[in-house]
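1. Provided below for reference: sequence and predicted model.
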Amino acid sequence: MSFSYRSILAKSVKQTSFIRSGIQQRSYGALRAVAASDPRHDHTVHITSSRGVTITHDPLLSKGTAFSLDERERLSIRGLVPPRCQDMDKQLLRVKRNLDGCDTPLAKFIFLSALQDRNETLFYKLLIEHLEELSGIIYTPTVGLACQKSHSIYRRSRGMYFSSQDRGRMSAMVYNWPHDEVDVIVVTDGSRVLGLGDLGANGMQIPIGKLSLYVSAGGIRPRAVLPVVLDVGTNNQSLLDDPLYLGMDHRRLEGEEYYDMVDEWVTAIHSRWPNALIQFEDFKYPHAYNLLNKYRDKITCFNDDIQSTSAITLAGILASLKARGKEQTDLSEERIVCVGAGSAGVGVCEGIIDCLVAQGKVKTREEAYRRIWMLDQDGLLGAVRDTPLDERQQSYVKHDMADRLTLEQVVEKVKPTVILGLTGIRGVFTEKAIRTMAQHTEKPVVFPLSNPDTHAECTAEEAFKWTDGRAIFASGSPFKNVEMPGGKIGYTNQCNNSYSFPGLGLGITVSRASRVTPTMFLETARVIADLATPEQLKQGILFPGVSKLRDIALAVGTRVCDVAYEEGVATATLKEFELLSDVVENSMYKPEYVPLVYHQNNH
Ligand SMILES: NC(=O)C1=CN([C@@H]2O[C@H](COP(=O)(O)OP(=O)(O)OC[C@H]3O[C@@H](n4cnc5c(N)ncnc54)[C@H](O)[C@@H]3O)[C@@H](O)[C@H]2O)C=CC1
Ligand SMILES: CC(=O)C(=O)O
Ligand SMILES: [Mg+2]
């Protein structure tokens, strides 16, 4: 099926006409003018003050065997690499062969990390060419295993660690990072890594993996990304007991100490890189929400699990409406059960509420809350809950239903059309619950969204089996399509924030947005919800596959950039006319070798 970013843009962005008005002509063109002098752009040559092994050992500059003879001379590396100059195609052949020879996903992860550590250009070329296959290694599910084993497979440091012992020193420490330009920072405190719980400093592999997607799909430059762990300790006793563990050897800081440490970090980061986008990742509830609320109006930041998960899940539900022959505005007719009342569950449901209100069929948020039934580990949030719920969770309490009803009881009563799983617990979607749902709905929308695959609320095979092949299925980690009796295929979708954050980051970076606004997430959902073709929708395919993440990021990034201007938060200078989508596309990093030139006084 042919699919290009142009076709996405034509469908999703008012591409040609919307820029023809006077003010906007100036705005978007200016972005082009900025881009031309912006280091995000490819240069014909790269000037460096490094030479010799400093170059061959620098993953951002090294070309491995691909240095030309002229470069070897200029950079004093003649004799330091094998004599034959090999271009990138040959290098790709070698690394792909070696990768295919690795016999486990973890071995592939280690191989790819090593490649990233010696030659990032080649790493990203390989990743982009095999995005679907390799995203399952550098990202979920394998990255989960890599986090669990991070202290035993440790080879080389990447990113920055700010730990409890660094308190009082962070504003100086940020200058240890060698790059002045940082566009995107992904930070975790490792407190809830995917559905794997508290993994402390081992969580570093998550920011690294997310940022690899920012570069490969979102086109952010490799030297402009910074993965960070805030090591506030861990409550994971087996890590604390493990002599190989590399994080702080104490239990987690809590309360004021915790928030003070995060605040010191945010202040230090913001003082060195005031324009950088900060993505909070895998912070446990309620810290995740508290930090978002504290910083969202002060700096350029968002929480991935709350906000970009909400964008992609909303996109999935909107696309599923079309797949069921309905209009997207029929969202108000849906009965949605959300299992999981943490950062992701509440965040996703808030996105649905925002959309319901924006569509206008539902007049108030209170009315919108009635369309969603939320469960936590104790069951339905119903009348007279004796465990504490916060204000956000309170909004979903069903005062006319008994508290703590089981999922099966809720499904029996509510007859949901959509069921979302954001618990991190395998098996929460029971056979009885899904079969009951399927009795009342022709095409049940079943989204077990927890990661990695071993923690999904049900498998694809189970979902199709229990619904006699009628489910519209999406999961957080990839599941293979399912062949059902009679040869019919049950098509699976991956509904993961990796579809939304690369484009969000791209649009925010290009427009230099000072704030990340709710509209950006709503529009991201709208763009992605319109990408699947009618034929795909008929088969239950809601989004283009992971191999198209780069095209999707361009479509999302273009719209997010547009929103930044519409809402007055863009700060990129405005000068002359240019097509917005071209500006965004031209700013995207492409992994190609550029000639290196040595200059002693280059800074
Ligand atoms: N597909 C995607 O893009 C994303 C998926 N997720 C997944 O969502 C999961 C949850 O993440 P967070 O909300 O941040 O975690 P969290 O720890 O903040 O919340 C987990 C929630 O699940 C509930 N829960 C636990 N066991 C349950 C059970 N047996 N039945 C019903 N509810 C139960 C808890 O009460 C809590 O409300 C993780 O596994 C994560 O991988 C998170 C973000 C993005
Ligand atoms: C995908 C993701 O962000 C998570 O599972 O936490
Ligand atoms: Mg996450």
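-> Perfect, I can see it now. Ligands and ions are numbered 1, 2, ... in the order given.
2. Once you drop chain neighbours, what's closest to the closest residue to ligand 1 within the stretch 101-250 of the chain?
-> Evaluated by C-beta to the nearest ligand atom, the stretch 101-250 of the chain has residue 195 as its residue closest to ligand 1, separated by 2.8 Å. In short, each C-beta sits where N, CA and C put it, glycine included. With C-beta to C-beta, 6 or more residues apart in numbering as the criterion, residue 195 has its nearest non-adjacent residue at 2.8 Å, and that residue is residue 424.
3. Spit out the contact partners of that neighbour.
-> 192, 194, 195, 196, 197, 340, 450, 451, 455 (C-beta atoms under 8 Å, 6 or more residues apart in numbering).
4. Save those as a markdown table, and put in secondary structure and pLDDT too.
-> Putting these into a markdown table (DSSP: H, G, I helix; E, B strand; the rest coil; pLDDT from 0 to 100) gives the following:
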| residue | secondary structure | pLDDT |
| --- | --- | --- |
| 192 | coil | 97 |
| 194 | coil | 97 |
| 195 | coil | 96 |
| 196 | coil | 97 |
| 197 | coil | 97 |
| 340 | coil | 98 |
| 450 | coil | 98 |
| 451 | coil | 97 |
| 455 | helix | 98 |
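5. would TSV of these with distance to ligand 3 and neighbour count be doable?
-> TSV is the format used below for those (distance: C-beta to the ion, whole Å; neighbours: other C-beta atoms under 10 Å):
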residue	distance to ligand 3	neighbour count
192	8	24
194	7	24
195	10	26
196	11	21
197	13	16
340	13	26
450	11	26
451	8	25
455	12	24
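6. out of those, who's nearest residue 384?
-> When these are compared for distance to residue 384 (C-beta to C-beta), residue 340 comes out closest, at 21.5 Å.
7. need the helices for the stretch 501-603 of the chain, in chain order.
-> Counting by DSSP state H, counting those that start in this stretch, the stretch 501-603 of the chain has helices at residues 501-511, 518-529, 534-538, 549-566, 580-587.
8. So for residue 381, which of those helices sits nearest?
-> Among those, helix 518-529 comes nearest to residue 381, with 23.5 Å by C-beta to C-beta.
9. So is that closest one next to ligand 1?
-> No - Helix 518-529 lies apart from ligand 1 when judged by C-beta under 6 Å from any ligand atom; the minimum separation is 12.5 Å.
10. tell me which strands and helices that helix is in contact with?
-> helix 5-12, helix 309-323, helix 343-359, helix 501-511, helix 549-566 (3 or more C-beta pairs under 8 Å, 6 or more residues apart in numbering; DSSP states H and E).
11. got the residues of the stretch 301-450 of the chain near ligand 2?
-> So far as C-beta under 6 Å from any ligand atom goes, the stretch 301-450 of the chain lies against ligand 2 at 304, 305.
12. What residues sit buried inside the helix or strand where residue 433 lies?
-> Secondary structure assignment for residue 433, by DSSP states H and E: helix 431-440. Residues 433, 434, 435, 436, 437, 438 are the ones in helix 431-440 that count as buried (16 or more other C-beta atoms under 10 Å).
13. Present the residues you listed as TSV; the columns should include distance to residue 523.
-> Below are the buried residues of helix 431-440 laid out as TSV (distance: C-beta to C-beta, whole Å):
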residue	distance to residue 523
433	33
434	32
435	37
436	36
437	31
438	33
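14. can you redo those residues as TSV with pLDDT and distance to residue 373?
-> Below are the buried residues of helix 431-440 laid out as TSV (pLDDT from 0 to 100; distance: C-beta to C-beta, whole Å):
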residue	pLDDT	distance to residue 373
433	98	12
434	98	16
435	98	18
436	98	14
437	98	12
438	98	17
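15. out of the helices of the stretch 501-603 of the chain, nearest to residue 232?
-> helix 501-511 (23.5 Å).
16. near ligand 1, anything from the closest one?
-> No - on the criterion C-beta under 6 Å from any ligand atom, helix 501-511 is out of touch with ligand 1, staying 9.3 Å away.
17. Just the C-alpha atoms of that helix, please, in PDB.
-> Extracted in PDB, the C-alpha atoms of helix 501-511 (Å, rounded to 0.1, in the frame of the first residue of the first chain):
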ATOM      1  CA  PHE A 501       6.000  12.200  21.100                       C
ATOM      2  CA  PRO A 502       8.500  12.300  18.200                       C
ATOM      3  CA  GLY A 503       6.200  14.600  16.200                       C
ATOM      4  CA  LEU A 504       5.300  16.700  19.300                       C
ATOM      5  CA  GLY A 505       9.000  17.200  20.000                       C
ATOM      6  CA  LEU A 506       9.700  18.000  16.300                       C
ATOM      7  CA  GLY A 507       7.000  20.700  16.200                       C
ATOM      8  CA  ILE A 508       7.900  22.200  19.600                       C
ATOM      9  CA  THR A 509      11.600  22.300  18.600                       C
ATOM     10  CA  VAL A 510      11.100  23.800  15.200                       C
ATOM     11  CA  SER A 511       8.700  26.500  16.500                       C
END
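18. Between helix 309-323 and that helix, find me the angle.
-> Here helix 501-511 runs at an angle of 120 degrees relative to helix 309-323 (axes from the mean of the first three to the mean of the last three C-alpha atoms, to 10 degrees).
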